[in-house]
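[1] Got a predicted structure plus its sequence, pasted below:
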Amino acid sequence: MTEPVAQIKNVKKQIGNKTIIHGISLNVYPGEVFGFLGPNGAGKTTMIRMIVGLMKVTEGDIYIQGNHVNREYQKAIAEVGAIIENPEMYDFLSGYENLKHYARLAVKPISEDRIKEIVRLVGLSGRINEKVKGYSLGMKQRLGIAQALLHSPSLLILDEPTNGLDPAGIREIREYIRKIAHEENLAVFVSSHLLAEMQLMCDRIGIIQHGRLLQVEKMDMLLNKHNKRIVQINAHPLGKVIEYLQALSWSVHQSNEIAHVEIEKQEDIAKLASDIVKGGYQLYQLNEKHESLENTFLELTKEEL
Ligand SMILES: Nc1ncnc2c1ncn2[C@@H]1O[C@H](COP(=O)(O)OP(=O)(O)OP(=O)(O)O)[C@@H](O)[C@H]1O
């Protein structure tokens, strides 16, 4: 079993008498993009600030490559590359000069080859000698990622990396993030409030709401689980219809005077209607409802009244 790069163990955060994070535990593994998904105010930035040691945990522990973030800060932080607010870049310098400047500030020496390799990885080789002021926002983001990766960290943390980007920019960032995770065997922890974006970028996601982690799941599992096709039927008498359908091996459950039947393909709809009528029951209504991940996410994070 691969060792996790980041281990978050029962972390709590309290500010004044307000609990912002209520005991979150999760691991992030090398080579994976882990999405931290939740609505605004859920606690994503607070969690990230604790992971990078910008904020103290109230309770619990965070380890990066086995180093405790508070007790072994220098060692832990050497393994982290992060973009938390917009990366600071000098507009009047070229992308390359910016990276050179950061390389000089680094604790460990960074080779010329490493700079070139990172520039290639974020797809800026052709434009790296141009001044940053001519870059698109997406290019600036990628330069920021390059800067965060210069010292070869094991964990890359990105807080809402697609904020402010146009659809083409979002797509680019998404593709580069996936590529970097896989090529560098890097653990990437990325936060967002946008499900559609996370769906395409992440290998696993954790859903956070009101400082609680509601669910952690592999993306493909989550999609399979929630991409069920459901047919809602209203038939009479409903209880009997449900028993009858279950006896015919349909997967049925009832909610609010409606029966929900799971189907796999289009033809199942005709078969279902025909079974009900053949059983001698009255079919009043039948319609398909797509249970998407989006609905599930909205359901999960719905504000409690
Ligand atoms: N210093 C603070 N004092 C009191 N409350 C705070 C403080 N910092 C954050 N909070 C509260 O903690 C909650 C979580 O905030 P946080 O910024 O972590 O959420 P988020 O998920 O990152 O949302 P967003 O995407 O809007 O930044 C919010 O309700 C916020 O108001």
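    Okay, I see it. Numbers count the residues shown, from 1 in each chain.

[2] Just the residues contacting stretch 208-224, thanks.
    Stretch 208-224 is touched from outside by 13, 19-26, 35-39, 42-44, 46-47, 199, 202-207, 225, 293, 300-301, with contacts defined as Cβ atoms under 8 Å, 6 or more residues apart in numbering. All C-beta spots, glycine's among them, are computed from the backbone N, C-alpha and C.

[3] filter these to the buried ones?
    Using 16 or more other Cβ atoms under 10 Å as the burial test, the contacts of stretch 208-224 include 13, 19-21, 24, 26, 35-39, 42-44, 46-47, 199, 202-207, 293, 301 as buried.

[4] Quick one: name whatever helix or strand follows the longest helix seen in the chain.
    Using DSSP state H to define each element, the chain has its longest helix at helix 167-184. Using DSSP states H and E, the next helix or strand after helix 167-184 towards the C-terminus is strand 187-192.

[5] interface residues of the stretch 51-200 of the chain facing the ligand?
    Proximity of the stretch 51-200 of the chain to the ligand (Cβ under 6 Å from any ligand atom) is limited to residues His193.

[6] Tell me where the stretch 51-200 of the chain has strands.
    For the stretch 51-200 of the chain, the strands defined by DSSP state E, counting those that start in this stretch occupy 59-64, 67-68, 80-83, 155-159, 187-192.

[7] hey, least reliable of those by pLDDT?
    Lowest mean pLDDT within the strands of the stretch 51-200 of the chain: strand 80-83, a mean of 90.

[8] Please enumerate the helices of the stretch 151-300 of the chain.
    Ranges of helices within the stretch 151-300 of the chain are 167-184, 195-201, 219-226, 238-247, 267-278, 293-301, based on DSSP state H, counting those that start in this stretch.

[9] Could you take those and lay them out as JSON lines, with extra columns for mean pLDDT?
    Formatted as JSON lines, the helices of the stretch 151-300 of the chain follow (pLDDT from 0 to 100):
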{"stretch": "helix 167-184", "mean pLDDT": "87"}
{"stretch": "helix 195-201", "mean pLDDT": "84"}
{"stretch": "helix 219-226", "mean pLDDT": "75"}
{"stretch": "helix 238-247", "mean pLDDT": "95"}
{"stretch": "helix 267-278", "mean pLDDT": "94"}
{"stretch": "helix 293-301", "mean pLDDT": "70"}
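
[10] Looking at these, which one is packed in the most?
    For those, the largest average neighbour count (mean count of other Cβ atoms under 10 Å) is found in helix 195-201, namely a mean of 19.

[11] the inter-axis angle of the longest helix of the chain versus strand 155-159?
    Counting by axes from the mean of the first three to the mean of the last three Cα atoms, to 10 degrees, helix 167-184 lies at 160 degrees to strand 155-159.

[12] could you measure Ile177 against Ser274, distance?
    48 Å (Cβ to Cβ, to the nearest Å).

[13] One more: Ala103?
    70 Å.

[14] give me the low-pLDDT residue ranges for the stretch 1-150 of the chain?
    Applying pLDDT under 70 to the stretch 1-150 of the chain picks out residues 1, 85-87.

[15] can you pull the contacts of Lys56?
    Lys56 touches Met50, Asn70, counting by Cβ under 8 Å, 6+ apart.

[16] Could you check how many residues crowd around the residue of the stretch 101-250 of the chain found nearest the ligand?
    Closest to the ligand within the stretch 101-250 of the chain is His193: 5.7 Å, counting by Cβ to the nearest ligand atom. Other residues lying near His193 total 18 when counted by other Cβ atoms under 10 Å.

[17] Check whether it really touches Phe36, as I assumed.
    No - counting by Cβ atoms under 8 Å, His193 does not reach Phe36; the two are 10.0 Å apart.

[18] what's the overlap in contacts for those two?
    Lys44.

[19] Taking the centroid of this structure, which residue is nearest it?
    The chain has Gly35 as the residue nearest its centroid, 1.8 Å off, counting by Cα atoms, centre = their mean.

[20] show me what contacts it?
    Neighbours of Gly35 in contact, by Cβ under 8 Å, 6+ apart: Val190, Ser191, Ser192, Met198, Met201, Cys202, Arg204, Ile205, Gly206, Met219.

[21] Fine by me, we can end here.
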